[in-house]
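Chemist: Got a sequence here, can you model it:
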Amino acid sequence: GRFSDTVGTSTCADCASGKFSPVGVSLCTSCDAGKYSTSLGSEEVCLDCDTGKFAERGSATCTVCYSGKYASSPTAAPTCTDCPAGKYISDSTAASFHTSIDSCIDC
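Modeler: From the prediction side, this is the model:
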């Protein structure tokens, strides 16, 4: 997506990563929380984060869930879900350790 927020301009600018724009609009739109867009000038709708990850609004990438949290299936989650009391997930940077409630281990 490209946009122009100036009347009478001779060029358009690319939308930043984390934003998209259908053809013919004056502003780019931020990806919703739980979705991302890595490319500049995206005309497409933003993509869901993979299992075990989340994204804040306007994100260019998804982030692996933090310790003690998980995100089930590819999801448009703005945050990850907490493990229930009496269970935990250790600090890991691999999304595969944060994929479901079954990833939460008994204390």
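Chemist: Could you measure from the closest residue to residue 72 other than its chain neighbours over to residue 47?
Modeler: Distances taken as Cβ to Cβ, 6 or more residues apart in numbering put residue 100 closest to residue 72, at 4.9 Å, once the chain neighbours are dropped. No exception for glycine: its C-beta is placed from N, CA and C like everyone else's. According to Cβ to Cβ, to the nearest Å, residue 100 and residue 47 sit 21 Å apart.
Chemist: In terms of neighbours, single out the busier of the two.
Modeler: residue 47 (16 against 13; other Cβ atoms under 10 Å).
Chemist: Quick check: bridge partners of the more buried one?
Modeler: Assessed by DSSP bridges, residue 47 has beta-bridge partners residue 36.
Chemist: Would you confirm that it contacts residue 36?
Modeler: Yes: contact criterion Cβ atoms under 8 Å: residue 47 and residue 36 qualify, at 6.0 Å.
Chemist: And the pLDDT for residue 18?
Modeler: Turning to residue 18, the model gives it a pLDDT of 89.
Chemist: Ok, residue 73 next?
Modeler: 71.
Chemist: wait, is it part of a strand?
Modeler: No: according to DSSP: H, G, I helix; E, B strand; the rest coil, residue 73 belongs to no strand; its state is coil.
Chemist: Tell me which helix or strand the closest residue to it other than its chain neighbours sits in.
Modeler: Excluding the flanking residues, the one nearest residue 73 by Cβ to Cβ, 6+ apart is residue 51, at 5.5 Å. Residue 51 belongs to no helix or strand when assigned by DSSP states H and E.
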